[in-house]
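Enquirer: need the 3D shape of this:
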Amino acid sequence: MRAIVPMVKMISVLSLSAFALFAPGAAEAPKPYGAVPSERQMLWHETEFYALIHYGINTYTDKEWGYGEESPALFTPTALDAGQVAGVLKGAGMRGVILVAKHHDGFCLWPTATTAHNVSKSPWRGGKGDLVREYADAAKKHGLRFGVYCSPWDRNSALYGTPGYIPLYHAQLRELLTRYGTLFEVWFDGANGGDGYYGGAREKRGIDRLTYYDWPRTWGLVRELQPAACIFGDVGPDCRWVGNEHGYAAEDSWATFTPKGRTDPARPANGDSKNHVEGPAGHRDGAAWIPAECDVPLRKGWFWHPNQDATVRSPAKLMDIYFNSVGKGGCMNLGIAPDRSGLVCEADRKSLEVFGNSLRALFAVNMAQGGKADASNVRAWQARPGQSHPYAADNALDDDRYSYWATDDDVTNATLTVALPAQTEFNVVRLRENIRLGQRVDGFAVDVLRDGAWQEYAKGLSIGACRLIRGPKVKSDRVRLRVTAAAACPCVSDLGVFMMPAAVTEAGAGQ
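Expert: Numbering: from 1, shown residues only. Model prediction:
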(Lines give C-alpha, C1' and ligand atoms only; values in the text may rest on other atoms or scores of the structure.)
Protein backbone atom coordinates (compact mmCIF):
# COMPACT_ATOMS: atom_id res chain seq x y z
CA MET A 1 0.00 0.00 0.00
CA ARG A 2 1.25 3.47 -0.86
CA ALA A 3 2.22 5.50 2.20
CA ILE A 4 0.79 8.95 2.78
CA VAL A 5 2.93 11.53 1.02
CA PRO A 6 3.20 15.32 1.22
CA MET A 7 0.39 17.16 -0.52
CA VAL A 8 2.33 18.29 -3.59
CA LYS A 9 3.77 14.85 -4.19
CA MET A 10 0.38 13.28 -3.50
CA ILE A 11 -1.26 15.33 -6.23
CA SER A 12 1.54 14.39 -8.61
CA VAL A 13 1.15 10.67 -7.91
CA LEU A 14 -2.62 10.74 -8.31
CA SER A 15 -2.31 12.67 -11.57
CA LEU A 16 -0.07 10.13 -13.32
CA SER A 17 -2.98 7.92 -14.35
CA ALA A 18 -4.78 10.87 -15.84
CA PHE A 19 -1.77 12.04 -17.89
CA ALA A 20 -2.84 10.02 -20.93
CA LEU A 21 -6.09 11.94 -21.04
CA PHE A 22 -4.26 15.02 -22.22
CA ALA A 23 -1.56 13.41 -24.34
CA PRO A 24 -1.05 14.80 -27.83
CA GLY A 25 -3.49 13.21 -30.23
CA ALA A 26 -6.12 12.53 -27.57
CA ALA A 27 -9.62 13.86 -27.87
CA GLU A 28 -10.83 16.19 -25.17
CA ALA A 29 -11.39 14.27 -21.96
CA PRO A 30 -14.92 14.06 -20.56
CA LYS A 31 -15.77 17.10 -18.49
CA PRO A 32 -16.37 16.44 -14.78
CA TYR A 33 -20.00 16.11 -13.78
CA GLY A 34 -21.36 17.72 -10.63
CA ALA A 35 -19.40 17.79 -7.39
CA VAL A 36 -16.06 15.96 -7.52
CA PRO A 37 -13.69 14.73 -4.80
CA SER A 38 -10.62 16.63 -3.65
CA GLU A 39 -7.21 14.95 -3.70
CA ARG A 40 -7.49 14.23 0.04
CA GLN A 41 -10.85 12.58 -0.57
CA MET A 42 -9.38 10.45 -3.35
CA LEU A 43 -6.87 9.03 -0.86
CA TRP A 44 -9.67 8.50 1.65
CA HIS A 45 -11.64 6.47 -0.91
CA GLU A 46 -8.57 4.37 -1.61
CA THR A 47 -8.17 3.63 2.11
CA GLU A 48 -11.62 1.92 2.14
CA PHE A 49 -11.32 0.06 5.48
CA TYR A 50 -9.82 1.31 8.74
CA ALA A 51 -10.18 1.19 12.52
CA LEU A 52 -11.36 3.60 15.21
CA ILE A 53 -9.53 2.74 18.44
CA HIS A 54 -11.40 3.39 21.70
CA TYR A 55 -9.07 2.88 24.65
CA GLY A 56 -8.60 4.91 27.82
CA ILE A 57 -10.02 5.50 31.28
CA ASN A 58 -13.37 3.96 30.28
CA THR A 59 -11.58 0.67 29.62
CA TYR A 60 -10.85 0.45 33.35
CA THR A 61 -14.20 1.73 34.66
CA ASP A 62 -16.43 -0.43 32.42
CA LYS A 63 -18.15 2.67 31.01
CA GLU A 64 -18.88 3.93 27.52
CA TRP A 65 -18.93 7.60 28.50
CA GLY A 66 -16.81 8.60 31.48
CA TYR A 67 -18.08 11.38 33.74
CA GLY A 68 -14.77 13.26 33.80
CA GLU A 69 -13.95 12.77 37.49
CA GLU A 70 -11.88 9.59 36.98
CA SER A 71 -8.33 9.65 38.35
CA PRO A 72 -5.48 9.25 35.82
CA ALA A 73 -4.09 6.64 38.24
CA LEU A 74 -6.73 4.22 36.89
CA PHE A 75 -4.87 4.03 33.57
CA THR A 76 -2.73 0.96 34.24
CA PRO A 77 -2.18 -1.23 31.16
CA THR A 78 -0.08 -4.27 31.94
CA ALA A 79 1.16 -5.25 28.48
CA LEU A 80 0.30 -2.36 26.17
CA ASP A 81 1.67 -2.89 22.67
CA ALA A 82 0.44 -0.62 19.89
CA GLY A 83 2.40 -2.82 17.49
CA GLN A 84 0.24 -5.82 18.38
CA VAL A 85 -2.90 -3.79 17.72
CA ALA A 86 -1.57 -2.42 14.42
CA GLY A 87 -0.54 -5.91 13.34
CA VAL A 88 -4.03 -7.25 13.98
CA LEU A 89 -5.55 -4.39 11.98
CA LYS A 90 -3.17 -4.98 9.09
CA GLY A 91 -3.97 -8.68 9.15
CA ALA A 92 -7.68 -7.86 8.99
CA GLY A 93 -7.15 -6.00 5.72
CA MET A 94 -7.33 -2.48 7.10
CA ARG A 95 -5.34 0.36 5.57
CA GLY A 96 -5.64 2.91 8.36
CA VAL A 97 -6.23 3.54 12.04
CA ILE A 98 -7.80 6.49 13.88
CA LEU A 99 -6.98 6.78 17.58
CA VAL A 100 -9.44 8.38 20.01
CA ALA A 101 -6.82 10.59 21.61
CA LYS A 102 -9.41 12.18 23.93
CA HIS A 103 -12.94 10.97 24.59
CA HIS A 104 -15.74 12.90 26.32
CA ASP A 105 -14.22 12.24 29.78
CA GLY A 106 -11.40 14.61 28.82
CA PHE A 107 -8.53 12.19 29.58
CA CYS A 108 -5.76 12.86 27.05
CA LEU A 109 -3.65 9.94 25.84
CA TRP A 110 -0.69 12.19 25.15
CA PRO A 111 1.33 14.44 27.53
CA THR A 112 -0.49 17.67 26.79
CA ALA A 113 0.35 21.07 28.22
CA THR A 114 -3.35 22.00 28.27
CA THR A 115 -4.56 19.90 31.22
CA ALA A 116 -3.27 17.70 34.02
CA HIS A 117 -5.91 15.12 33.06
CA ASN A 118 -3.54 13.12 30.86
CA VAL A 119 -1.28 10.07 30.73
CA SER A 120 1.69 11.87 32.28
CA LYS A 121 -0.21 11.77 35.59
CA SER A 122 -0.75 8.01 35.36
CA PRO A 123 1.65 5.26 36.50
CA TRP A 124 1.95 3.96 32.94
CA ARG A 125 5.53 4.22 31.59
CA GLY A 126 6.42 6.03 34.85
CA GLY A 127 4.45 9.07 33.69
CA LYS A 128 6.66 9.38 30.59
CA GLY A 129 4.35 7.64 28.12
CA ASP A 130 2.69 9.03 24.98
CA LEU A 131 0.09 6.65 23.58
CA VAL A 132 -0.56 8.78 20.50
CA ARG A 133 3.15 8.58 19.64
CA GLU A 134 3.19 4.81 20.12
CA TYR A 135 0.18 4.35 17.83
CA ALA A 136 1.53 6.76 15.21
CA ASP A 137 4.84 4.87 15.14
CA ALA A 138 3.11 1.46 15.04
CA ALA A 139 0.86 2.59 12.19
CA LYS A 140 3.87 3.74 10.18
CA LYS A 141 5.72 0.49 10.83
CA HIS A 142 2.78 -1.61 9.61
CA GLY A 143 2.01 0.59 6.59
CA LEU A 144 -1.24 1.97 8.01
CA ARG A 145 -2.44 5.53 7.55
CA PHE A 146 -2.92 7.35 10.85
CA GLY A 147 -5.62 9.67 12.11
CA VAL A 148 -6.85 11.15 15.40
CA TYR A 149 -10.08 12.02 17.18
CA CYS A 150 -10.15 14.67 19.90
CA SER A 151 -13.61 15.05 21.44
CA PRO A 152 -14.89 18.63 21.46
CA TRP A 153 -16.96 17.79 24.54
CA ASP A 154 -14.85 17.64 27.71
CA ARG A 155 -16.63 16.55 30.90
CA ASN A 156 -13.47 17.13 32.96
CA SER A 157 -12.61 20.72 32.06
CA ALA A 158 -13.81 23.52 34.33
CA LEU A 159 -13.78 25.80 31.29
CA TYR A 160 -16.18 23.74 29.15
CA GLY A 161 -19.23 25.76 28.17
CA THR A 162 -17.39 29.07 28.58
CA PRO A 163 -15.53 31.07 25.87
CA GLY A 164 -12.25 30.12 27.56
CA TYR A 165 -12.54 26.48 26.57
CA ILE A 166 -12.20 27.01 22.82
CA PRO A 167 -8.57 28.28 22.91
CA LEU A 168 -7.75 25.28 25.14
CA TYR A 169 -9.41 22.87 22.71
CA HIS A 170 -7.63 24.47 19.77
CA ALA A 171 -4.32 24.10 21.62
CA GLN A 172 -5.03 20.38 22.07
CA LEU A 173 -5.77 20.04 18.38
CA ARG A 174 -2.63 21.95 17.49
CA GLU A 175 -0.53 19.53 19.55
CA LEU A 176 -2.12 16.52 17.85
CA LEU A 177 -1.87 18.03 14.38
CA THR A 178 1.82 18.95 14.64
CA ARG A 179 3.52 16.16 16.60
CA TYR A 180 2.59 12.89 14.94
CA GLY A 181 3.30 13.10 11.24
CA THR A 182 0.90 13.20 8.30
CA LEU A 183 -2.71 12.34 9.17
CA PHE A 184 -5.26 10.91 6.74
CA GLU A 185 -8.35 11.81 8.80
CA VAL A 186 -9.31 14.00 11.73
CA TRP A 187 -12.53 12.90 13.41
CA PHE A 188 -15.22 14.99 15.12
CA ASP A 189 -18.45 13.48 16.44
CA GLY A 190 -21.76 14.91 17.51
CA ALA A 191 -21.81 14.37 21.29
CA ASN A 192 -22.01 17.87 22.75
CA GLY A 193 -22.79 19.07 26.24
CA GLY A 194 -24.64 17.54 29.16
CA ASP A 195 -23.81 16.57 32.72
CA GLY A 196 -20.21 16.27 33.82
CA TYR A 197 -17.58 16.83 36.49
CA TYR A 198 -16.39 20.14 35.00
CA GLY A 199 -13.59 20.75 37.49
CA GLY A 200 -15.76 19.81 40.46
CA ALA A 201 -18.88 21.77 39.53
CA ARG A 202 -20.77 18.52 38.86
CA GLU A 203 -23.50 20.10 36.80
CA LYS A 204 -25.18 20.02 33.42
CA ARG A 205 -23.87 22.43 30.80
CA GLY A 206 -25.45 23.08 27.43
CA ILE A 207 -23.91 24.72 24.37
CA ASP A 208 -25.04 25.76 20.90
CA ARG A 209 -23.36 23.03 18.89
CA LEU A 210 -23.52 25.10 15.69
CA THR A 211 -21.61 28.08 17.01
CA TYR A 212 -19.80 27.21 20.26
CA TYR A 213 -16.92 25.25 18.74
CA ASP A 214 -16.23 27.91 16.09
CA TRP A 215 -16.15 25.26 13.35
CA PRO A 216 -14.69 27.53 10.65
CA ARG A 217 -11.59 28.17 12.81
CA THR A 218 -11.52 24.60 14.18
CA TRP A 219 -11.66 23.04 10.72
CA GLY A 220 -9.30 25.77 9.53
CA LEU A 221 -6.65 24.47 11.91
CA VAL A 222 -6.87 21.06 10.27
CA ARG A 223 -6.64 22.57 6.81
CA GLU A 224 -3.64 24.66 7.83
CA LEU A 225 -1.68 22.00 9.69
CA GLN A 226 -2.82 18.78 7.98
CA PRO A 227 -3.90 19.69 4.42
CA ALA A 228 -3.97 16.01 3.34
CA ALA A 229 -6.38 15.01 6.12
CA CYS A 230 -10.09 14.48 5.54
CA ILE A 231 -12.37 15.94 8.21
CA PHE A 232 -15.17 13.67 9.41
CA GLY A 233 -18.32 15.14 10.91
CA ASP A 234 -22.02 14.35 11.00
CA VAL A 235 -22.45 16.11 7.66
CA GLY A 236 -18.89 16.67 6.51
CA PRO A 237 -17.09 18.63 5.36
CA ASP A 238 -15.04 15.79 3.75
CA CYS A 239 -16.93 12.64 4.74
CA ARG A 240 -20.31 12.29 6.39
CA TRP A 241 -21.75 10.03 9.06
CA VAL A 242 -23.75 7.27 7.41
CA GLY A 243 -26.52 7.96 9.92
CA ASN A 244 -26.34 4.70 11.91
CA GLU A 245 -23.81 2.66 13.87
CA HIS A 246 -24.49 -0.60 12.02
CA GLY A 247 -22.03 0.13 9.20
CA TYR A 248 -24.69 0.09 6.46
CA ALA A 249 -25.13 2.58 3.67
CA ALA A 250 -28.31 2.54 1.57
CA GLU A 251 -28.70 0.06 -1.28
CA ASP A 252 -27.97 2.93 -3.66
CA SER A 253 -25.72 5.46 -1.93
CA TRP A 254 -24.50 8.71 -3.48
CA ALA A 255 -21.21 10.37 -2.60
CA THR A 256 -22.74 13.83 -2.99
CA PHE A 257 -24.70 15.50 -0.21
CA THR A 258 -26.34 18.85 0.59
CA PRO A 259 -26.32 19.66 4.32
CA LYS A 260 -29.40 21.47 5.55
CA GLY A 261 -29.61 23.82 8.49
CA ARG A 262 -28.91 27.36 9.53
CA THR A 263 -25.92 27.78 7.26
CA ASP A 264 -25.57 28.14 3.52
CA PRO A 265 -27.18 25.00 2.00
CA ALA A 266 -24.66 25.06 -0.85
CA ARG A 267 -21.79 24.39 1.55
CA PRO A 268 -21.12 21.79 4.26
CA ALA A 269 -22.85 23.09 7.37
CA ASN A 270 -20.70 24.18 10.29
CA GLY A 271 -21.35 21.21 12.51
CA ASP A 272 -25.08 21.09 11.72
CA SER A 273 -26.45 17.55 11.72
CA LYS A 274 -30.07 18.47 11.01
CA ASN A 275 -30.29 16.08 8.05
CA HIS A 276 -27.77 13.41 9.04
CA VAL A 277 -30.71 10.97 8.88
CA GLU A 278 -30.29 11.24 5.12
CA GLY A 279 -26.71 9.98 5.45
CA PRO A 280 -27.30 6.37 4.32
CA ALA A 281 -28.32 7.38 0.79
CA GLY A 282 -26.90 10.87 0.38
CA HIS A 283 -28.34 13.06 -2.36
CA ARG A 284 -28.12 12.55 -6.09
CA ASP A 285 -26.61 15.79 -7.40
CA GLY A 286 -25.83 17.03 -3.89
CA ALA A 287 -23.98 20.33 -3.56
CA ALA A 288 -20.71 18.82 -2.32
CA TRP A 289 -18.74 15.58 -2.49
CA ILE A 290 -19.25 14.25 1.06
CA PRO A 291 -19.22 10.42 0.89
CA ALA A 292 -20.44 8.15 3.67
CA GLU A 293 -18.17 6.83 6.40
CA CYS A 294 -19.85 3.71 7.81
CA ASP A 295 -18.90 3.28 11.46
CA VAL A 296 -19.66 0.18 13.51
CA PRO A 297 -18.04 -1.35 16.62
CA LEU A 298 -16.63 -4.87 16.45
CA ARG A 299 -18.32 -5.52 19.80
CA LYS A 300 -21.59 -4.28 21.26
CA GLY A 301 -19.82 -1.27 22.75
CA TRP A 302 -17.08 1.01 21.46
CA PHE A 303 -14.93 0.45 24.57
CA TRP A 304 -13.87 -2.97 25.86
CA HIS A 305 -16.13 -4.53 28.48
CA PRO A 306 -15.36 -7.85 30.18
CA ASN A 307 -18.84 -9.30 29.59
CA GLN A 308 -19.06 -8.63 25.84
CA ASP A 309 -16.92 -11.36 24.27
CA ALA A 310 -20.09 -13.06 23.03
CA THR A 311 -21.05 -9.93 21.08
CA VAL A 312 -17.99 -9.92 18.81
CA ARG A 313 -19.16 -9.79 15.20
CA SER A 314 -18.40 -12.89 13.18
CA PRO A 315 -16.21 -12.85 10.06
CA ALA A 316 -19.31 -13.48 7.95
CA LYS A 317 -21.07 -10.48 9.52
CA LEU A 318 -18.01 -8.30 8.93
CA MET A 319 -18.05 -9.35 5.28
CA ASP A 320 -21.72 -8.38 5.05
CA ILE A 321 -20.88 -4.96 6.53
CA TYR A 322 -17.97 -4.58 4.10
CA PHE A 323 -20.30 -5.14 1.14
CA ASN A 324 -22.73 -2.56 2.53
CA SER A 325 -20.11 0.10 3.21
CA VAL A 326 -17.08 -0.18 0.91
CA GLY A 327 -19.34 -1.97 -1.55
CA LYS A 328 -21.73 0.99 -1.59
CA GLY A 329 -19.08 3.60 -2.37
CA GLY A 330 -18.17 4.57 1.20
CA CYS A 331 -15.54 3.52 3.74
CA MET A 332 -15.86 1.01 6.58
CA ASN A 333 -14.71 2.35 9.96
CA LEU A 334 -14.60 -0.55 12.42
CA GLY A 335 -14.43 0.20 16.15
CA ILE A 336 -11.66 -1.77 17.87
CA ALA A 337 -11.37 -1.82 21.67
CA PRO A 338 -8.12 -3.02 23.26
CA ASP A 339 -8.63 -4.68 26.66
CA ARG A 340 -7.19 -3.68 30.03
CA SER A 341 -3.82 -5.16 29.15
CA GLY A 342 -3.63 -2.75 26.20
CA LEU A 343 -3.94 -5.50 23.56
CA VAL A 344 -6.59 -6.76 21.16
CA CYS A 345 -8.11 -9.68 23.07
CA GLU A 346 -8.27 -13.20 21.67
CA ALA A 347 -11.97 -13.22 20.75
CA ASP A 348 -11.58 -10.03 18.71
CA ARG A 349 -8.29 -11.11 17.18
CA LYS A 350 -9.66 -14.42 15.94
CA SER A 351 -12.67 -12.87 14.22
CA LEU A 352 -10.51 -10.19 12.57
CA GLU A 353 -7.92 -12.74 11.44
CA VAL A 354 -10.49 -14.97 9.75
CA PHE A 355 -12.17 -11.98 8.13
CA GLY A 356 -8.86 -10.61 6.83
CA ASN A 357 -7.94 -13.98 5.33
CA SER A 358 -11.36 -14.19 3.67
CA LEU A 359 -11.07 -10.67 2.28
CA ARG A 360 -7.68 -11.41 0.75
CA ALA A 361 -8.94 -14.69 -0.69
CA LEU A 362 -11.95 -12.95 -2.21
CA PHE A 363 -9.92 -10.38 -4.15
CA ALA A 364 -6.84 -12.52 -4.82
CA VAL A 365 -7.98 -13.49 -8.31
CA ASN A 366 -9.93 -11.17 -10.59
CA MET A 367 -11.26 -13.57 -13.19
CA ALA A 368 -11.90 -10.74 -15.63
CA GLN A 369 -8.21 -9.82 -15.90
CA GLY A 370 -6.67 -11.24 -19.02
CA GLY A 371 -10.06 -11.09 -20.72
CA LYS A 372 -11.14 -8.94 -23.64
CA ALA A 373 -13.56 -6.04 -23.37
CA ASP A 374 -15.71 -4.58 -26.12
CA ALA A 375 -18.13 -1.68 -25.92
CA SER A 376 -21.13 -0.49 -27.89
CA ASN A 377 -19.48 2.94 -28.05
CA VAL A 378 -15.94 4.16 -27.33
CA ARG A 379 -15.10 7.84 -27.11
CA ALA A 380 -13.64 9.16 -30.37
CA TRP A 381 -9.88 9.62 -30.39
CA GLN A 382 -7.32 10.44 -33.04
CA ALA A 383 -4.64 7.78 -32.60
CA ARG A 384 -0.93 8.42 -33.03
CA PRO A 385 1.79 5.79 -33.36
CA GLY A 386 2.74 4.16 -30.08
CA GLN A 387 -0.17 5.60 -28.11
CA SER A 388 -2.84 3.46 -26.49
CA HIS A 389 -6.47 4.52 -26.56
CA PRO A 390 -7.14 6.53 -23.37
CA TYR A 391 -10.85 5.57 -23.30
CA ALA A 392 -10.67 1.96 -24.53
CA ALA A 393 -13.02 -0.71 -23.19
CA ASP A 394 -10.06 -2.75 -21.93
CA ASN A 395 -9.21 0.06 -19.49
CA ALA A 396 -11.95 -1.37 -17.26
CA LEU A 397 -9.88 -4.54 -16.81
CA ASP A 398 -6.51 -3.12 -15.73
CA ASP A 399 -7.20 -2.71 -11.97
CA ASP A 400 -6.47 1.03 -12.18
CA ARG A 401 -9.12 3.21 -10.53
CA TYR A 402 -8.38 6.14 -12.80
CA SER A 403 -7.97 4.64 -16.26
CA TYR A 404 -11.40 4.13 -17.76
CA TRP A 405 -13.71 3.31 -20.61
CA ALA A 406 -15.68 6.32 -21.79
CA THR A 407 -18.28 6.99 -24.46
CA ASP A 408 -18.91 10.01 -26.63
CA ASP A 409 -20.61 12.89 -24.83
CA ASP A 410 -23.99 12.23 -26.40
CA VAL A 411 -24.00 8.52 -25.46
CA THR A 412 -25.39 7.87 -21.99
CA ASN A 413 -26.80 4.42 -22.63
CA ALA A 414 -24.12 1.88 -23.52
CA THR A 415 -22.84 -1.65 -22.93
CA LEU A 416 -19.46 -3.02 -21.91
CA THR A 417 -19.02 -6.73 -22.66
CA VAL A 418 -16.16 -8.78 -21.22
CA ALA A 419 -15.07 -12.13 -22.63
CA LEU A 420 -13.44 -13.88 -19.68
CA PRO A 421 -10.21 -15.83 -20.30
CA ALA A 422 -12.10 -19.07 -19.60
CA GLN A 423 -15.45 -20.46 -18.52
CA THR A 424 -15.46 -19.76 -14.79
CA GLU A 425 -17.64 -19.76 -11.70
CA PHE A 426 -18.14 -16.57 -9.71
CA ASN A 427 -20.58 -14.85 -7.36
CA VAL A 428 -19.17 -11.33 -6.87
CA VAL A 429 -18.98 -8.47 -9.37
CA ARG A 430 -17.12 -5.20 -8.70
CA LEU A 431 -17.87 -1.98 -10.55
CA ARG A 432 -16.14 1.39 -10.28
CA GLU A 433 -16.43 4.79 -11.90
CA ASN A 434 -13.50 7.15 -12.30
CA ILE A 435 -14.74 9.46 -9.55
CA ARG A 436 -12.21 12.14 -10.50
CA LEU A 437 -14.89 12.98 -13.05
CA GLY A 438 -17.80 12.78 -10.61
CA GLN A 439 -20.56 10.25 -10.09
CA ARG A 440 -22.19 9.92 -13.51
CA VAL A 441 -24.13 6.65 -13.75
CA ASP A 442 -27.81 6.72 -12.73
CA GLY A 443 -28.76 3.18 -13.65
CA PHE A 444 -27.01 -0.07 -14.53
CA ALA A 445 -27.52 -3.80 -14.93
CA VAL A 446 -25.08 -6.72 -14.98
CA ASP A 447 -25.79 -9.70 -17.24
CA VAL A 448 -24.15 -13.10 -17.66
CA LEU A 449 -24.29 -15.30 -20.75
CA ARG A 450 -25.77 -18.70 -19.97
CA ASP A 451 -26.85 -21.35 -22.47
CA GLY A 452 -26.33 -18.88 -25.28
CA ALA A 453 -28.62 -16.20 -23.84
CA TRP A 454 -28.02 -13.13 -21.68
CA GLN A 455 -29.55 -13.31 -18.20
CA GLU A 456 -29.76 -10.34 -15.83
CA TYR A 457 -27.65 -10.97 -12.72
CA ALA A 458 -28.14 -7.67 -10.83
CA LYS A 459 -29.17 -4.07 -11.29
CA GLY A 460 -28.98 -0.80 -9.41
CA LEU A 461 -28.70 2.97 -9.67
CA SER A 462 -25.38 4.17 -8.22
CA ILE A 463 -21.85 2.91 -8.85
CA GLY A 464 -19.43 5.60 -7.64
CA ALA A 465 -16.08 4.73 -6.07
CA CYS A 466 -17.00 1.06 -5.68
CA ARG A 467 -20.11 -1.07 -6.10
CA LEU A 468 -19.88 -4.68 -4.92
CA ILE A 469 -22.56 -7.10 -6.02
CA ARG A 470 -22.88 -10.43 -4.22
CA GLY A 471 -25.18 -12.96 -5.82
CA PRO A 472 -25.66 -16.66 -6.48
CA LYS A 473 -22.89 -18.72 -8.05
CA VAL A 474 -22.97 -18.65 -11.83
CA LYS A 475 -20.72 -20.15 -14.48
CA SER A 476 -20.04 -18.25 -17.67
CA ASP A 477 -17.36 -16.87 -19.96
CA ARG A 478 -19.20 -13.62 -20.74
CA VAL A 479 -20.21 -10.74 -18.45
CA ARG A 480 -21.92 -7.57 -19.59
CA LEU A 481 -22.43 -4.18 -17.96
CA ARG A 482 -25.36 -2.19 -19.28
CA VAL A 483 -25.39 1.49 -18.40
CA THR A 484 -29.12 2.15 -18.63
CA ALA A 485 -29.06 5.79 -17.52
CA ALA A 486 -26.38 8.39 -16.90
CA ALA A 487 -26.27 12.12 -16.22
CA ALA A 488 -23.16 12.39 -18.44
CA CYS A 489 -21.21 9.98 -20.60
CA PRO A 490 -20.18 7.01 -18.42
CA CYS A 491 -16.55 6.75 -17.29
CA VAL A 492 -16.22 3.19 -15.98
CA SER A 493 -12.84 2.25 -14.50
CA ASP A 494 -13.49 -1.30 -13.33
CA LEU A 495 -15.48 -4.41 -14.04
CA GLY A 496 -14.13 -7.23 -11.89
CA VAL A 497 -15.35 -10.78 -11.29
CA PHE A 498 -14.56 -12.78 -8.12
CA MET A 499 -15.53 -15.82 -6.06
CA MET A 500 -16.55 -15.47 -2.41
CA PRO A 501 -14.57 -17.89 -0.19
CA ALA A 502 -16.62 -20.96 0.71
CA ALA A 503 -16.15 -20.47 4.46
CA VAL A 504 -17.88 -17.09 4.37
CA THR A 505 -20.59 -18.22 1.96
CA GLU A 506 -21.48 -21.19 4.14
CA ALA A 507 -21.46 -19.22 7.39
CA GLY A 508 -24.06 -16.63 6.31
CA ALA A 509 -24.35 -13.17 7.83
CA GLY A 510 -24.12 -14.34 11.46
CA GLN A 511 -23.76 -12.06 14.49
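Enquirer: quick one: contacts for the residue sitting nearest the centre point of the chain?
Expert: For the chain, the residue nearest the mean C-alpha position is residue 331 (2.8 Å; CA atoms, centre = their mean). Counting by CB atoms under 8 Å, 6 or more residues apart in numbering, residue 331 makes contact with 44, 45, 47, 48, 49, 50, 239, 291, 292, 293, 294, 325. Any C-beta I mention is one placed from the backbone N, CA and C, and that applies to glycine too.
Enquirer: next: residue 321.
Expert: 246, 247, 248, 294, 296, 313, 332, 334.
Enquirer: which of these count as buried?
Expert: Buried by 16 or more other CB atoms under 10 Å: 247, 248, 294, 296, 313, 332, 334, out of the contacts of residue 321.
Enquirer: in helices only, show me those residues.
Expert: The helices, defined by DSSP state H, take in nothing from the buried ones among the contacts of residue 321.
Enquirer: skip the chain neighbours and tell me the closest residue to residue 199.
Expert: Spatial nearest neighbour of residue 199, excluding adjacent residues (CB to CB, 6 or more residues apart in numbering): residue 158 at 2.6 Å.
Enquirer: oh sorry, the question was meant for residue 246
Expert: residue 296 is the one closest to residue 246 (CB to CB, 6+ apart), at 5.7 Å.
Enquirer: which residues touch residue 94?
Expert: Going by CB under 8 Å, 6+ apart, the list of residues near residue 94 reads 49, 50, 51, 144, 334.
Enquirer: so the second one sits in a helix?
Expert: No. With DSSP: H, G, I helix; E, B strand; the rest coil as the criterion, residue 50 is assigned strand and is not in a helix.
Enquirer: gap between the helix or strand containing residue 240 and the chain center?
Expert: Using DSSP states H and E, residue 240 sits within strand 239-241. Strand 239-241 sits 9 Å away from the centroid of its parent chain (CA atoms, centre = their mean, to the nearest Å).
Enquirer: same check, this time on stretch 99-111
Expert: 22 Å.
Enquirer: got the end-to-end distance for it?
Expert: 15 Å (CA to CA, to the nearest Å).
Enquirer: please apply the same query to stretch 92-106.
Expert: Span of stretch 92-106 from end to end, CA to CA: 30 Å.
Enquirer: report the mean confidence score over it.
Expert: Mean per-residue pLDDT for stretch 92-106: 98.
Enquirer: pull the most distant pair out of the contacts of residue 94.
Expert: Taking CB to CB, the two most distant members of the contacts of residue 94 are 144 and 334; they sit 13.0 Å apart.
Enquirer: ok, back up a step: the residue nearest to residue 246 pairs with what?
Expert: In this entry, residue 296 is beta-bridged to residue 334, by DSSP bridges.
Enquirer: report pLDDT for it.
Expert: The model's pLDDT for residue 296 equals 98.
Enquirer: isn't it right next to residue 249, touching?
Expert: No. With contact defined as CB atoms under 8 Å, residue 296 does not reach residue 249; the gap is 11.3 Å.
Enquirer: now what about stretch 471-479, what contacts it?
Expert: 368, 417-420, 422-429, 446-450, 457-458, 495, 497, 499.
Enquirer: in strands, which of those residues appear?
Expert: 417-420, 422-429, 446-450, 457-458, 495, 497 (DSSP state E).
Enquirer: can you select the buried ones from these in ChimeraX?
Expert: The buried subset of the ones in strands among the contacts of stretch 471-479, as determined by 16+ other CB under 10 Å, is captured in ChimeraX by this line:
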select :417,418,420,424,426,427,428,429,446,447,448,449,457,495,497
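Enquirer: okay, and for the chain, where does confidence drop off?
Expert: For the chain, the stretches with pLDDT under 70 are 1-27, 261-274, 503-511.
Enquirer: run through the helices of it in chain order.
Expert: Under DSSP H, the chain gives helices at 7-15, 39-47, 57-61, 82-91, 131-141, 165-179, 215-225, 315-323, 346-363, 502-507.
Enquirer: with distance to residue 436 added, can I get these in TSV?
Expert: Shown next, in TSV, are those (distance: least, CB to CB, whole Å):
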stretch	distance to residue 436
helix 7-15	8
helix 39-47	7
helix 57-61	41
helix 82-91	28
helix 131-141	27
helix 165-179	27
helix 215-225	21
helix 315-323	24
helix 346-363	22
helix 502-507	32
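Enquirer: for residue 408, which of those is the nearest?
Expert: Across the helices of the chain, closest to residue 408 is helix 7-15 (CB to CB), at 24.4 Å.
Enquirer: for residue 203, give me its contacts.
Expert: 195, 196.
Enquirer: and what of residue 107?
Expert: So residue 107 contacts 56, 57, 66, 70, 72, 75, 117, 118, 119, 156 (CB under 8 Å, 6+ apart).
Enquirer: any idea which of these is the one closest to residue 392?
Expert: residue 56 (52.5 Å).
Enquirer: what distance do you get for that closest one to residue 309?
Expert: 20 Å (CB to CB, to the nearest Å).
Enquirer: who's more crowded, the two?
Expert: For residue 56 versus residue 309, neighbours defined as other CB atoms under 10 Å are more numerous around residue 56 (25 against 14).
Enquirer: so that one is in contact with residue 99, correct?
Expert: No. With contact taken as CB under 8 Å, residue 56 and residue 99 are classed as non-touching, separated by 9.9 Å.
Enquirer: which residues do the two both contact?
Expert: With CB under 8 Å, 6+ apart, residue 56 and residue 99 have common neighbours residue 109.
Enquirer: centroid-wise, who is the farthest residue in the chain?
Expert: Farthest-from-centroid check, the chain (CA atoms, centre = their mean): residue 385, 41.2 Å.
Enquirer: please tell me how far that one sits from residue 375.
Expert: Where residue 375 is concerned, residue 385 sits at a distance of 23 Å (CB to CB).
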